[in-house]
Every structure is written in structure tokens, then in C-alpha cells.
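Engineer: I would like to see how this sequence folds:
(2 chains)
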Amino acid sequence: MKRAPAVISTSVVLFGIWLSLTLSADSQEIALGVVVSLITAVATHGALTGDLSRLLKPRKCLATIEYVFFFLGQMIKANIDVFFRIFRPVIPIKPGIVKAKLTLKSERAKAIVANSITLTPGTITIDIIGDEIFVHWVFLPDGDVHIKTQSMVDSFAVRLENIFE
Amino acid sequence: MSFISILAHGLTGLGALVLFASGLGVFRMPDVFNKMHAGTKATTLGSVLFLVGLGLFEPSWMPKLLLIVLFIVLTNPVSSHALARAAHNEPSEKPDNLIIDDLADSKGGGQ
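Structural biologist: Residues are numbered from 1 along each chain as shown, chains lettered A, B, ... in the order given. Model (predicted):
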């Protein structure tokens, strides 16, 4: 049973979703929720979340919480940035697509980096080819754009490495 | 008026304002990738603020609304990637104002 941790993680997450959707403490509903989430997790081989048990270690748990707050801060900054850009009479743009290297191995981590970059100030991810990520800037930074892009990608990648490896 | 109620009004109002800015951004930005910037970031935070504010009005809806928030935060960027990638693969959609385009260079080198 190599897949057991992943299946259990997935069924715990699914059961949490079940609880917040039904919002009832009725024992029959809860029993049905446990059964349904277990069946779904076994049927999908735990593909939804993977093994979450290592997140229970205090260090990884702290790293995850830190990442969430870092991400939320970046997201709010991004919106302030978009907001002040849009209401200018002439929108200041200097667009460009720049590539950067991704050192992360896990496909899940790559997807999280790409999603995070899309929601942070001035950048969206266009594509990932192999270990290269292509980022679109609405306003290219001054100086060497490749170094700036790499350090922006790394600020996410380093934090995710703490969580995933 | 309680503090929670004021906070709820503030959050829904701010969410609506951010969503308005997002719509205006999609209208005003000159090309497809820059439109994507306004259409992804601002709609995500706008919906999050609006739904959390709504949850403060009706605390019993909060768990379901938080699920919707999680779903929006996870899926909005994915749809933006799909659109941006498709736009980059379509030559007629390609804006001519790009100062640097590494993706086209690396595609051209691969062929």
C-alpha cells in the first residue's frame, strides 16, 4: 500500500469539503461523508492532493503558513499596482516576455509557482517548457531584466523548496 | 451598526470597486497579454473580498463561500495561462509592442 498516505490525505480534504458543504452535525450525514470521501480517494488514487502527511512536521507547517501570508501580501500589492495603473490617463506599459530557470522538480510545485506569479505584481506566466518558465511583464524592470525575473521567480521557488523538499 | 456589519459593507464595497477596476482594465489595456493582467489579478481579489464580505453578513454561509474563494484562487490563474498560451501561439493575436520576447526566440530556435 504505497499509495495509502496520499489516499488518506485526499479523503481528509474531501471530507472537509463535504463538511463545509453540508454544514450538519447529523451522524448519518457524517458517516455518509466518510464513506463517500474514502471511495472517491481510492478511485482517484489520491491524485487530488498527493501525500500531505509531511506537512504535519512543524518546520514544513511554518513554511506553508509563511508562504500563504507572503502570497496574500503579494496579491494585495498586485491589485494596488493594477488599480493605479488603470486609472492613469495614459497607461504606463513596457511589456516583454522574459524566461527564467525553475529549479523545482515536483510538477505540483511548478504549477503553484506559475499560479503565484500570475497573481503577483506586474507579471503573468505564459508557458512552462521543461525547466524554463516564461513570464510576461506589464512594465519591464530597469537594469538586467533576466536577473530581475530570475530573482522574482526564486523568491517563490526558494519558499516552495522548503515546503516540498 | 456593529463593527462586523461595517466591515462587511466595507469589504463588499471594496470588492465591487476592484471588480470595476478589472473590467475597466480589460477595456483600456492595449493588447491581449496586458488585458490578461487586469482580468486575472483584479477579478481574483475582487471576488475574494466580495465573497468574504458576504460571509460576514451571513455567517452561516461562510464555509461554502470560503470553498468558492479557494476554488477561484486555484482556477483563475490556470484559465489565464491557457488563454495567454493560446494567444501566444496565434500569430494574428500577437502584439507588436513587446520589447523582448524570449518565448518566440526559444520556439524559433527549436524548429
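Engineer: For the rest of this, base every contact and every neighbour count on C-alpha atoms.
Structural biologist: Will do.
Engineer: And the residue nearest the centre of chain A?
Structural biologist: Nearest residue to the geometric centre of chain A (CA atoms, centre = their mean): A:Ile112, 3.1 Å.
Engineer: you'd agree that one is in a helix?
Structural biologist: Yes - counting by DSSP: H, G, I helix; E, B strand; the rest coil, A:Ile112 is found in a helix.
Engineer: What are the buried residues along the helix or strand hosting A:Asn79?
Structural biologist: When elements are assigned from DSSP states H and E, A:Asn79 belongs to helix A:58-86. Counting neighbours by 16 or more other CA atoms under 10 Å in any protein chain shown, one finds that the buried residues in helix A:58-86 are A:60, A:63-64, A:67, A:71-72, A:74-79, A:81-83, A:85-86.
Engineer: The residue most central in space within chain B and A:Phe87, how far apart?
Structural biologist: Note on chain B: the residue nearest the mean C-alpha position is B:Thr40, at 2.2 Å, using CA atoms, centre = their mean. Distance, B:Thr40 to A:Phe87, by CA to CA, to the nearest Å: 17 Å.
Engineer: again with A:Lys77
Structural biologist: 16 Å.
Engineer: and chain B, which of the buried residues of helix A:58-86 reach it?
Structural biologist: A:Met75, A:Ile76, A:Ala78, A:Asn79, A:Val82, A:Phe83, A:Ile86 (CA under 8 Å from any CA of the partner chain).
Engineer: State the distance from the fifth one to A:Phe69.
Structural biologist: Looking back up the chat, that one is A:Val82. 20 Å.
Engineer: same question, the third one
Structural biologist: Summarising the geometry, the distance separating A:Ala78 from A:Phe69, computed by CA to CA, is 14 Å.
Engineer: go on, the fourth one?
Structural biologist: A:Asn79 is 16 Å from A:Phe69, where distance means CA to CA.
Engineer: Which pLDDT value goes with residue 62?
Structural biologist: Looking at chain A here, since you left the chain open. We note a pLDDT of 87 for A:Leu62 in this prediction.
Engineer: not what I meant, chain B
Structural biologist: For B:Met62, the predicted pLDDT is 89.
Engineer: Also the one 3 residues further on?
Structural biologist: Reading off the per-residue confidence, B:Leu65 sits at a pLDDT of 92.
Engineer: Contact partners for it?
Structural biologist: Applying CA atoms under 8 Å, 6 or more residues apart in numbering or on different chains to B:Leu65 gives the contacts B:Leu51, B:Val52, B:Gly55.
Engineer: And for the helix or strand following the helix holding A:Asn79, what's in contact with it?
Structural biologist: Going down the chain from helix A:58-86, the next helix or strand is strand A:96-101, by DSSP H and E. Under the criterion CA under 8 Å, 6+ apart, residues A:131-140, A:145-146, A:149-150, A:153, B:98-103 lie in contact with strand A:96-101.
Engineer: just checking, which of those residues belong to strands?
Structural biologist: A:Glu132, A:Ile133, A:Phe134, A:Val135, A:His136, A:Trp137 (DSSP state E).
Engineer: For chain B, state which of these is nearest.
Structural biologist: Distance to chain B across the ones in strands among the contacts of strand A:96-101 (CA to the nearest CA) is lowest for A:Phe134, with 6.5 Å.
Engineer: still on that earlier bit, wait, which of the contacts of B:Leu65 is closest to chain A?
Structural biologist: Lowest distance from chain A to the contacts of B:Leu65 (CA to the nearest CA) belongs to B:Gly55, with 13.2 Å.
Engineer: you'd agree the closest one is up against B:Met62?
Structural biologist: Yes - using CA atoms under 8 Å, B:Gly55 is in contact with B:Met62, at 4.6 Å.
Engineer: Chain B against chain A: which residues are in contact?
Structural biologist: Residues of chain B lying near chain A (CA under 8 Å from any CA): B:18, B:21, B:24-25, B:28-29, B:33-34, B:37-38, B:40-42, B:45, B:63-64, B:67, B:74, B:77-78, B:81, B:84-85, B:88, B:97-103.
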